[in-house]
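Novice: for reference, the sequence and a predicted model appear below.
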Amino acid sequence: MALSVTISDRDSTTKVAVVGGKLDTTTSPQFDDEISAALTSGNVVTVLDLVGLTYISSAGLRSVFKARKAMESKGGSLLLVNVQPQVQKVFEIVKAMPVQQVFRSVDELDQYLDYMQKKEQDSPKGTEA
């Protein structure tokens, strides 16, 4: 099955939605090409919505690792949402993503992002003397 990806921006967040397909040796180069602009944009968070991802191989894991590394190198974060159970199992087996970066739903992700923004606003470094 061909990989289908959509990309959208909102505020300082880029959302990359895998709306169908497999992330494997055949499709990972396409995935890397499609998300490269999102990873080099000025946005500090990239949300990888895996709602339609039905399978991930080691090549797909490498693509996710590369995306995560690219975001972290610029002080940003890669967050995963709507990870299907079979794909989640692969991430658990290889301990691929810190558990605080994987969310069951968009609502759970939004709650986390709200919390982090409020935490940042309330921190002492955000106040001027």
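Specialist: Looks like it arrived, so ask away. Numbering: from 1, shown residues only.

Novice: Val45: neighbour count?
Specialist: The tally of other residues near Val45 (other Cβ atoms under 10 Å) stands at 18. (Each C-beta comes from the backbone N, C-alpha and C, glycine too.)

Novice: oops, could you answer that again for Ile35 instead?
Specialist: 23.

Novice: where's it relative to Lys95, distance?
Specialist: Taking Cβ to Cβ, to the nearest Å as the criterion, Ile35 is separated from Lys95 by 22 Å.

Novice: which SS class is the residue nearest to the spatial centre of the chain?
Specialist: Relative to the mean C-alpha position of the chain, the nearest C-alpha, by Cα atoms, centre = their mean, is the one of Leu48, at 3.1 Å. The three-state label for Leu48, taken from DSSP: H, G, I helix; E, B strand; the rest coil, comes out as strand.

Novice: wait, it touches Asn82, no?
Specialist: No: Leu48 is beyond contact range of Asn82, at 9.3 Å (criterion: Cβ atoms under 8 Å).
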